[in-house]
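Chemist: coordinates only, sequence not included:
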Ligand code: NI
């Protein structure tokens, strides 16, 4: 098990579409274990594979420390968002890749997501509440979208210097990060 460094705004790997996983193998199992460990060490409730530098269609969720009824650790492989209800609600979001930013974002309250689990079995999950929110946030990561991309107007202007500081590696975090500036020298 290992705690991995988290890639931050506006890393290339976090802006590119991720690849589908063809077949789970022992490397994938190790990556998932490391992702859970990394997420928990950083007090996160969701983490996408590209946040640890792996451009794969995969994210993990753990709501066991929250009030949500879903307390099992969940692994979503090759997820597809099938249906997002018409009713949208505002909810505050944050992201381990965008430290120091928390903003209210409007998204569908209820979703249906199809995905494969660790046995590569296909599942469909109907979710609402915090689970629906986390799934949509992580799903966005897999297609290169940050929650801050939804901000408009004054809110967008106000976070601009914060995002610039993150890009320049001037933001302090309690967990290990890979600032964009240093990514060029990594393999
Ligand atoms: Ni995030």
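Modeler: Looks like it arrived, so ask away. All figures in this text were calculated on a predicted structure; none of them were measured in a lab. Numbering: from 1, shown residues only.
Chemist: was I right about residue 58 contacting residue 48?
Modeler: Yes: here residue 58 reaches residue 48: they are 7.2 Å apart, a contact under C-beta atoms under 8 Å. All C-beta spots, glycine's among them, are computed from the backbone N, C-alpha and C.
Chemist: shared neighbours, the two?
Modeler: Overlap of the contact sets of residue 58 and residue 48 (by C-beta atoms under 8 Å, 6 or more residues apart in numbering) consists of 18, 142.
Chemist: Not counting its own residues, what contacts stretch 92-104?
Modeler: Residues contacting stretch 92-104 (C-beta under 8 Å, 6+ apart): 6-9, 11, 14, 39, 42, 44, 47, 51, 90-91, 105, 133, 137, 141, 146-148, 151, 155, 159, 162-163, 166, 171-173, 175, 177.
Chemist: same thing with stretch 59-67?
Modeler: 32, 35-36, 39-40, 45-49, 70-76, 79, 130-131, 134-135, 138-139, 141-142.
Chemist: Filter those down to the buried ones.
Modeler: In these, burial by neighbour count holds for 32, 35-36, 39-40, 45-49, 70, 74-76, 79, 130-131, 134-135, 138-139, 141-142, counting by 16 or more other C-beta atoms under 10 Å.
Chemist: So which elements touch the longest strand seen in the chain?
Modeler: For the chain, the strand that runs over the most residues, judged by DSSP state E, is strand 74-84. Where contact means 3 or more C-beta pairs under 8 Å, 6 or more residues apart in numbering; DSSP states H and E, strand 74-84 is packed against strand 58-61, strand 111-116, helix 129-142.
Chemist: Show me how far it is from its chain's centre.
Modeler: Distance, stretch centre to chain centre, for strand 74-84: 13 Å (C-alpha atoms, centre = their mean, to the nearest Å).
Chemist: Determine the three-state secondary structure at residue 3.
Modeler: coil (DSSP: H, G, I helix; E, B strand; the rest coil).
Chemist: so what's it up against?
Modeler: 34, 37, 38, 41, 175, 176.
Chemist: residues contacting the most centrally placed residue in the chain?
Modeler: The centroid of the chain falls nearest to residue 138 when counting by C-alpha atoms, centre = their mean (3.6 Å). For residue 138, the contacting residues are 46, 47, 48, 59, 61, 76, by C-beta under 8 Å, 6+ apart.
Chemist: Considering these, which is situated nearest to residue 118?
Modeler: Of all these, residue 118 sits closest to residue 76, with 10.2 Å by C-beta to C-beta.
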